[in-house]
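Peer 1: fold the following and give me the result.
(2 chains)
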Number of protein chains: 2
Amino acid sequence: MSKTALQLRSLVNADNTLELSLQDVEIPEPGPDEIVVKMEAAPLNPSDLALLFGPADMTTARYSGTPERPVVTADIPAGLAKMVASRVGESLAVGNEGSGSVVAAGNSDAAKSLLGKRVGIVGGDMYSQYRCVNVFQALELQDGTSAAEGASCFVNPLTSLAMVETMRMEGHTALVHTAAASNLGQMLNRICKNEGVDLVNIVRKPEQEKILQDLGAKYIVNSSSDSYYEDLTKALVATGATLAFDATGGGKLASDILTCMEAAAVQTMTEYNRYGSDVFKQVYIYGGLDRQPTTLTRNFGFSWALGGFLLTPFLAKVGMEKGIAMRTKVAAELKTTFASHYTQEVSLAGALSKEAIDVYSKQATGEKYLIIPAV
Amino acid sequence: MSKTALQLRSLVNADNTLELSLQDVEIPEPGPDEIVVKMEAAPLNPSDLALLFGPADMTTARYSGTPERPVVTADIPAGLAKMVASRVGESLAVGNEGSGSVVAAGNSDAAKSLLGKRVGIVGGDMYSQYRCVNVFQALELQDGTSAAEGASCFVNPLTSLAMVETMRMEGHTALVHTAAASNLGQMLNRICKNEGVDLVNIVRKPEQEKILQDLGAKYIVNSSSDSYYEDLTKALVATGATLAFDATGGGKLASDILTCMEAAAVQTMTEYNRYGSDVFKQVYIYGGLDRQPTTLTRNFGFSWALGGFLLTPFLAKVGMEKGIAMRTKVAAELKTTFASHYTQEVSLAGALSKEAIDVYSKQATGEKYLIIPAV
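Peer 2: Next up, the predicted model:
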């Protein structure tokens, strides 16, 4: 193989611009416990966009460079520049996960055992033609698994499993999920169906309702409906769900969920309590699809919590054994429970085209991009 | 004693009005484990106002009745009426705590041992001339403790102690407190000073800064200052505080605290992380001085939580032994650590005068009322 290969980079400049480009980077020699993976597929997840775009306003994007080496430049609004002050001048690689074939391995048995195999890998910098990782960052894919099928075997599968685990660990018995027709939401529906867990799906559009109906989802609530609050409260009464995972973060959604959970709880109370019900209600924000501030009306008593949720601290908390069990389950069910679907495939250069950026910079469009770095 | 006595009542009518009045209620015979307390003092705490006023707009209050039996009527804004739908037609007694002398006791040794003693009691309905409670709701006051000194020996003392306990239980090492010059805030300063815990006090006014300076507080931040964010961040860096208790609940205060905690945490990070620091930041809302919605800008990563905090679930969680130890400490330090100060004393009828209601319906005025039911 050649000594250098392409890598997608995101750079914040001191003049409050964001610059996206492809750079030549050296292909590292693997250490004893490392493998070099020739990347074959990497998804563009919502969780990748914060690093890729930072707070830049992508509607201001200018496109220059060549077709093979495109350069995208966009403005960062002055008020948001300090959010990325620590990034200025540091060219960062992007991409949480992907899949590819192991083309070189270190001397350890674990590393050598993966040589020639197709793996899913995690750990950043995946929008690259080659990526060197520790064997622990790799999941060996079963024979017959395509690169596209293996591209998303960490973030969404493990996060959806983590939601159900969190439900059990924190004493809840059913779940609420927003942006529920997403790839992650579809996995969550399949897990919950397999395991008999009630799941309230909140979506915004009829076509998202359809996706979930086709999956056999029992509780689907459309937040654009006139009967949204009644529908949500009814579903919460039926399921007893007191734990929600919110992918959007902004606006009134988390507050609405807490309000309706409280309304559901109050239906079973026998006397007035000035402090509200004593039913504990939890919402975790795990994404930022909506960049607006979160607004809480606090008409849901004092027995509630709202917090951030990320996969990495969850995995650190549950420990390695549990983490490995979760990964093994993902590998075994990658074509069923944890299947992902993409609507577009692009090259590294194609990922920086105006057509592509216009689509995935507006999140939640229903389009789902897969980068094929080798193209 | 007479068979009936006066009790202050709050009633929500079906026509969306709130009615405050004094009613004659029977003085109960104590059961075996009960005592009858002739009430001598009861504070008007912010935590009493939700039940007393509900969502009524007290600027619409009409005053009728007689000087001995005043009646106050105020309008409940239409949009807020459903918050108290379950209260309609049910006349409720008010008052979380108070103190008085035990004038009758049941047959148990515990009850009989309190006969003739002055006690602090908790459990609602305290704006009454007589109150019958279980002995477990009473704290025997040390000799020489006045009724005014013993009137507030539960809510503020136990809540301030609970804040420090929560800090330890949840792995934090310093505290932030808002509306920090309140009676509760002053107790918290004394506890933290005694126990060597760093406390960041957030206030809004110079006279509140002065109160805390006189107590020897080390970290005082004025949220009205131009250098508020820098001052708060500096205090958070100096103390390492990652836990805050917010008495106000509304607006941007909780969000500002999380933002500055994150800024303090980021100062010690060596590389950029798109998800923010991994320092866990917690804000608990324990009051509602500001009725506006809570607004979170979420520029503080994913390692955070916001939740409601109430004393009763805290005490249930820590168990009876711990709760008794906390009460014993309060009784021993009632004239020092847990001293409360009042600016006005009023009778039950006086508590329903226009002068009084005009003041304490506007919370956080610095005025602190004590009701003397026997007057």
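Peer 1: which residues of the stretch 51-200 of chain A fall in helices?
Peer 2: Using DSSP state H, counting those that start in this stretch, the helices of the stretch 51-200 of chain A run over A:109-112, A:147-150, A:155-169, A:183-195.
Peer 1: looking at those helices, which is nearest to chain B?
Peer 2: Across these, chain B has its closest neighbour in helix A:155-169 (12.1 Å, Cβ to the nearest Cβ). C-beta: built from backbone N, CA, C; applies to glycine.
Peer 1: okay, now the unreliable bits of the stretch 151-300 of chain A?
Peer 2: Along the stretch 151-300 of chain A, segments meeting pLDDT under 70 span A:270-272, A:274.
Peer 1: how near is A:Gly123 to A:Ala74?
Peer 2: 26 Å (Cβ to Cβ, to the nearest Å).
Peer 1: more neighbours, those two?
Peer 2: Under the neighbour definition other Cβ atoms under 10 Å in any protein chain shown, A:Gly123 and A:Ala74 were set side by side, and A:Ala74 has more, 20 against 16.
Peer 1: contact partners for that one?
Peer 2: A:Thr17, A:Leu18, A:Phe53, A:Ala56, A:Asp57, A:Met58, A:Thr60, A:Ala61, A:Arg62 (Cβ atoms under 8 Å, 6 or more residues apart in numbering or on different chains).
Peer 1: quick one: which of these is nearest chain B?
Peer 2: A:Phe53 (10.5 Å).
Peer 1: identify the residues contacting the closest one.
Peer 2: Taking Cβ under 8 Å, 6+ apart, we find A:Phe53 in contact with A:Ser10, A:Leu18, A:Ala74, A:Ser361.
Peer 1: didn't the first one look like it was pressed against A:Pro55?
Peer 2: No. Shown here, A:Ser10 and A:Pro55 do not form a contact pair, counting by Cβ atoms under 8 Å, at 12.0 Å.
Peer 1: looking at these two, which is more packed in?
Peer 2: A:Ser10 (24 against 18).
Peer 1: element containing that one?
Peer 2: Using DSSP states H and E, A:Ser10 sits in strand A:4-12.
Peer 1: now do A:Asp143 against chain B, distance only.
Peer 2: 35 Å (Cβ to the nearest Cβ, to the nearest Å).
Peer 1: do you know the pLDDT at that residue?
Peer 2: Note on A:Asp143: pLDDT of 92.
Peer 1: give me the phi and psi for it.
Peer 2: Per-residue torsions, A:Asp143: phi -50, psi 140 (degrees, to the nearest 10).
Peer 1: burial check on it, number of neighbours?
Peer 2: If we define neighbours as other Cβ under 10 Å, then A:Asp143 has 7 of them.
Peer 1: tell me how far the strand holding A:Ser10 lies from the chain's centre.
Peer 2: Chain-centre distance of strand A:4-12: 22 Å, with Cα atoms, centre = their mean, to the nearest Å.
Peer 1: near chain B at all, it?
Peer 2: No. Legend: contact between strand A:4-12 and chain B by Cβ under 8 Å from any Cβ of the partner chain is lacking; minimum distance shown is 9.3 Å.
Peer 1: sort out which of the contacts of A:Ala74 are buried, if you could.
Peer 2: Those of these that meet the buried threshold are A:Thr17, A:Leu18, A:Phe53, A:Ala56, A:Met58, A:Ala61, by 16 or more other Cβ atoms under 10 Å in any protein chain shown.
Peer 1: could I get the residues you listed as TSV with distance to B:Ala264 and pLDDT?
Peer 2: Output for the buried ones among the contacts of A:Ala74, formatted as TSV (distance: Cβ to Cβ, whole Å; pLDDT from 0 to 100):
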residue	distance to B:Ala264	pLDDT
A:Thr17	29	96
A:Leu18	27	97
A:Phe53	26	94
A:Ala56	26	93
A:Met58	31	94
A:Ala61	34	96
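Peer 1: flag every buried residue along stretch A:24-38.
Peer 2: Per 16+ other Cβ under 10 Å, stretch A:24-38 contains these buried residues: A:Val25, A:Ile27, A:Pro30, A:Asp33, A:Glu34, A:Ile35, A:Val36, A:Val37, A:Lys38.
Peer 1: keep only these that also lie close to chain B.
Peer 2: Checked against chain B using Cβ under 8 Å from any Cβ, the buried residues of stretch A:24-38 yield no neighbours at all.
Peer 1: in JSON lines: these, plus secondary structure and pLDDT.
Peer 2: Below are the buried residues of stretch A:24-38 laid out as JSON lines (DSSP: H, G, I helix; E, B strand; the rest coil; pLDDT from 0 to 100):
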{"residue": "A:Val25", "secondary structure": "strand", "pLDDT": "96"}
{"residue": "A:Ile27", "secondary structure": "coil", "pLDDT": "94"}
{"residue": "A:Pro30", "secondary structure": "coil", "pLDDT": "96"}
{"residue": "A:Asp33", "secondary structure": "coil", "pLDDT": "96"}
{"residue": "A:Glu34", "secondary structure": "strand", "pLDDT": "97"}
{"residue": "A:Ile35", "secondary structure": "strand", "pLDDT": "98"}
{"residue": "A:Val36", "secondary structure": "strand", "pLDDT": "97"}
{"residue": "A:Val37", "secondary structure": "strand", "pLDDT": "97"}
{"residue": "A:Lys38", "secondary structure": "strand", "pLDDT": "97"}
